[in-house]
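Sequence isn't available, so here's the structure alone:
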């Protein structure tokens, strides 16, 4: 099987080229074509030596996950379902906002958190995605959105300085009880610009109430739910009452 160039970072591609007897600057050239211009055709990499182009054609490829489904919602949200092999598929989602865009990508097939209230977690963790599978999602999105350099009308001007792959505000370690206690102001300040923020604070509380209703019963869970029993939103009150009934409270 040919080497997938999307699996390399700068140091890795430089080392691979060095093993081939190529100079380090060749790696920089190829990386620029791959990640700035989105070019996978070696013959179009015009400043790369023809001899290297020929070697790359023999030894390497840009191998992307296969798109199983590409759908766009009425609000402009676009989802790609991608095949990552061994019966696994992951989603990549672009969420347009008025002054920015958010791209959500997958780093794992399955989920390792095993939350008691989450059906996805109950499906279990399958594996971490490879570098190429992660970058491949970014490639598909940038191609579809016209975000590579030299593409007119792209989304590049809507990028923010948000660090890639960072977990906001320790959300991977927060308990449902903690999240359910957030005020509307905390919800906005911590989640603005994220995919979750789009559902709004009311539905955020509704979803957490469902999660708490499915969580193992404890005094803390019951107290958290009871604190929202008289919430102004009928939607929240309805689901809090359902959750409390699940705990016999």
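Arrived safely. Values in this document were obtained by computation on a predicted structure and should not be read as measured data. Residues are numbered from 1 along each chain as shown.

make it CA atoms for all contacts and neighbour counts henceforth
Noted.

Now do the SS call for residue 70.
Per DSSP: H, G, I helix; E, B strand; the rest coil, the local secondary structure of residue 70 is strand.

Name whatever forms a beta bridge with it.
Residue 70 has these beta-bridge partners by DSSP bridges: residue 80.

so it makes contact with residue 92?
No. Residue 70 is beyond contact range of residue 92, at 9.7 Å (criterion: C-alpha atoms under 8 Å).

which residues do the two both contact?
Counting by C-alpha atoms under 8 Å, 6 or more residues apart in numbering, the contacts common to residue 70 and residue 92 are 79, 80, 81.

Highest neighbour count among the residues you listed?
The most crowded member of those is residue 80, carrying 21 neighbours; neighbours defined as other C-alpha atoms under 10 Å.

mind checking how far it is from residue 210?
Per C-alpha to C-alpha, to the nearest Å, residue 80 is found 27 Å from residue 210.

Equivalent analysis for residue 15, please.
Residue 15 is 51 Å from residue 210, by C-alpha to C-alpha.

Could you list the domains of this protein?
Listed by automatic domain parsing, the domain ranges of the chain are 3-61, 66-158, 169-246.

can you put those domains in CSV and add mean pLDDT?
Converted to CSV, the domains of the chain look like this (pLDDT from 0 to 100):
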stretch, mean pLDDT
domain 3-61, 92
domain 66-158, 78
domain 169-246, 89
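
what does the helix or strand harbouring residue 202 rub up against?
According to DSSP states H and E, residue 202 maps onto helix 200-214. For helix 200-214, the external contacting residues (C-alpha under 8 Å, 6+ apart) are 116-118, 176-177, 179-180, 184, 187, 196, 221, 225, 233, 235-236, 239-240, 242-244, 246-247.
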